[in-house]
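Colleague: fold the following and give me the result.
(chains A, B, C and D)
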Number of protein chains: 2
Amino acid sequence: MDTLETRELRYFVTVAEELHFSRAADRLGIAQPPLSRAIQQLERRLGVTLLDRNRRGVSLTAAGQVLLDEARVLLDGAAAAARRTQRAAAGSGRLTLVTKAGAGHELLQTLLDAHAGPIDVVLCRMGEQARMLRDGRADVALMQRPFDALAGFDTEDLLTEQQVAILPAAHPLAARRTLSMADIRDVPGLPLARWPGPDGSYEPGPGPEVHEQSQLAQLIALGHTMAVLCASSRSWLWSAHAAVPLTDAWDVTTVLAWPAHSRNPAVADLVRTASTTFTA
Amino acid sequence: MDTLETRELRYFVTVAEELHFSRAADRLGIAQPPLSRAIQQLERRLGVTLLDRNRRGVSLTAAGQVLLDEARVLLDGAAAAARRTQRAAAGSGRLTLVTKAGAGHELLQTLLDAHAGPIDVVLCRMGEQARMLRDGRADVALMQRPFDALAGFDTEDLLTEQQVAILPAAHPLAARRTLSMADIRDVPGLPLARWPGPDGSYEPGPGPEVHEQSQLAQLIALGHTMAVLCASSRSWLWSAHAAVPLTDAWDVTTVLAWPAHSRNPAVADLVRTASTTFTA
DNA sequence: CGCTGTCATACCGTGGCGGTATCACCGGAG
DNA sequence: CTCCGGTGATACCGCCACGGTATGACAGCG
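Modeller: This next block holds a predicted model:
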């Protein structure tokens, strides 16, 4: 009675996105009638109306919206499963770790030194780690709580640290011993840089949009922006930068993250190594 | 090049479980030759050898083991998606919350009072919540950290409490004001009750195996066992029971949990209600 | 009242799935 | 060594289901 076929899910997602059978069929590379039939068959099998075909267009029912969300997750999962299987066949026993370029450099070094097996390290842009874990291109990631979206992952805490404000060295605030969040909010001519959110888009605001550490470093050195980062970011500062501790910012915990259902023995091994290395 | 069909995954999982094509075909209700062909086709499509067909049986390659894990998750996910869609169509806007029978009774009452919409409450046996969330029979669950396996779920902390030892009132230890874990480990004639683990099996040990609060209550009243539970369990104690605070046991946090990718608006609503109710 | 654009229906051909029969291969019993 | 039982692979065939084309039903619109 159930058994959703991935072909049907692919078809349904496309129709739900286009809200138009002909365009969806076009995107799928098939004709419209078989698509209509496939959706009808899916609805009949589930015993649920997924789409309202009114005059003036197609719209999702509540159940259709639920299935759309579920189907997207399933299709992504299927693609990820294929990739993970292929990676497992190719690099037997190798592990791919993904981290933001420049973040937690010493920590990563320590981790790699402590771990016995071979690890491929992939550096990615901010917030890309989750996607790479989810789509099967990586096995584990270094991520930061509370910044990164950790939903759907298992995690092991590695290191908790305070945050610091990174400023142009020439700016008056750079001389302070400590700062509070209130001090750095709305500094004239020195807006906070903006990172992409979980969906890759930016919140509106006055600061420049950045997605790489090097971008940020340059913009700060030029005196165009400032940023709030964890204390270990000091390792990549330039002489034109200054780091001032923040007294009232949230602590940042760097965590090792992996897909919740992963039973990859190499991942388990790395996690064990990490937990003994960093809790001791 | 990818696009794993669920039919193929179903076939592969069965073969991987049986490690025997004919038996697997039998379980699937098809003949052996089409099954062999389907697996070959899957291997060709992925470009990966999933099974070693040696004389003396079939065995999984490393890549095959990876795909087996992934495929199980995907198939479970597909079944869950179907159920969630059907539930969404049937009880429009209703929410199903699952909790252990007897656990966190007052907390649940408070939550239900605070929430506006209709909620179906399902009581289940210990550790069943995760399964019901995963397979789509429930939308949200009350679970306890660190007892329950929360991997793959999003959670919102509701209440943290100390643990207490629940003893037969007649036992000498019941007179104590407080106890430590050392005091109650290896008490002659009063072993700790054992719960099922995440996989439903029991660790070996001297105490009786229990999976329901009522079972436990009776066994304690009879003087056959004792248990360590969170402080709010006091609400269901009998007169034949005594609760003694434990000084050095882990705190227990009751959390609201839901599938990580859920975008069910009713769930989001309940979570918002819960977080304002319990953090204020 | 046609014209256009939508999704549904009718019908048809083909490819893929599943079935049966058989092969190739190996281990074990004699 | 030979035969037998049992394995998975191969060969071949029939049928269903998927996809294509043609057309229908129906609403909006000039």
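
Colleague: which strands and helices sit next to the helix or strand harbouring A:L123?
Modeller: Assigned by DSSP states H and E, A:L123 falls within strand A:119-124. Where contact means 3 or more Cβ pairs under 8 Å, 6 or more residues apart in numbering or on different chains; DSSP states H and E, strand A:119-124 is packed against strand A:95-100, helix A:105-114. Just so you know, the C-beta spots here come from the backbone N, C-alpha and C atoms, and that holds for glycine as well.

Colleague: mind checking which of the ones you listed is nearest B:V271?
Modeller: strand A:95-100 (28.4 Å; Cβ to Cβ).

Colleague: for the residue of the stretch 101-250 of chain A found nearest chain B, grab the count of nearby residues.
Modeller: Using Cβ to the nearest Cβ, the closest approach of the stretch 101-250 of chain A to chain B is made by A:G152 at 3.6 Å. Neighbouring residues of A:G152 were enumerated by other Cβ atoms under 10 Å in any protein chain shown; the total is 20.

Colleague: got the contact list for the closest residue in space to it that isn't next to it in sequence?
Modeller: Residue nearest to A:G152 in three dimensions, not counting chain neighbours: B:A260, with 3.6 Å by Cβ to Cβ, 6 or more residues apart in numbering or on different chains. Listed by Cβ atoms under 8 Å, 6 or more residues apart in numbering or on different chains, the contact partners of B:A260 are A:A151, A:G152, A:A260, B:G152, B:F153, B:D154.

Colleague: quick one: buried residues of the helix or strand hosting A:L216?
Modeller: Using DSSP H and E, A:L216 sits in helix A:213-221. Going by neighbour count (16 or more other Cβ atoms under 10 Å in any protein chain shown), the buried part of helix A:213-221 is A:Q213, A:Q215, A:L216, A:A217, A:L219, A:I220, A:A221.

Colleague: show the contacting residues for the fifth one.
Modeller: Contacts for A:L219 were tallied using Cβ under 8 Å, 6+ apart; they are A:A193, A:P208, A:V210, A:T225.

Colleague: quick one on the thing from earlier: would you list the helices and strands packed on strand A:119-124 in a markdown table and tack on mean neighbour count, distance to A:A31 and mean pLDDT?
Modeller: Output for those, formatted as a markdown table (neighbours: other Cβ atoms under 10 Å in any protein chain shown; distance: least, Cβ to Cβ, whole Å; pLDDT from 0 to 100):
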| stretch | mean neighbour count | distance to A:A31 | mean pLDDT |
| --- | --- | --- | --- |
| strand A:95-100 | 22 | 41 | 89 |
| helix A:105-114 | 14 | 52 | 86 |
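
Colleague: could I get these as JSON lines with distance to B:L167?
Modeller: Putting the helices and strands packed on strand A:119-124 into JSON lines (distance: least, Cβ to Cβ, whole Å) gives the following:
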{"stretch": "strand A:95-100", "distance to B:L167": "48"}
{"stretch": "helix A:105-114", "distance to B:L167": "44"}
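
Colleague: with A:N54 as the reference, name the closest of the ones you listed.
Modeller: strand A:95-100 (45.2 Å).

Colleague: got the buried residues of helix A:213-221 as JSON lines, with distance to DNA strand D columns?
Modeller: Output for the buried residues of helix A:213-221, formatted as JSON lines (distance: Cβ to the nearest atom of the strand, whole Å):
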{"residue": "A:Q213", "distance to DNA strand D": "46"}
{"residue": "A:Q215", "distance to DNA strand D": "45"}
{"residue": "A:L216", "distance to DNA strand D": "47"}
{"residue": "A:A217", "distance to DNA strand D": "51"}
{"residue": "A:L219", "distance to DNA strand D": "50"}
{"residue": "A:I220", "distance to DNA strand D": "53"}
{"residue": "A:A221", "distance to DNA strand D": "56"}
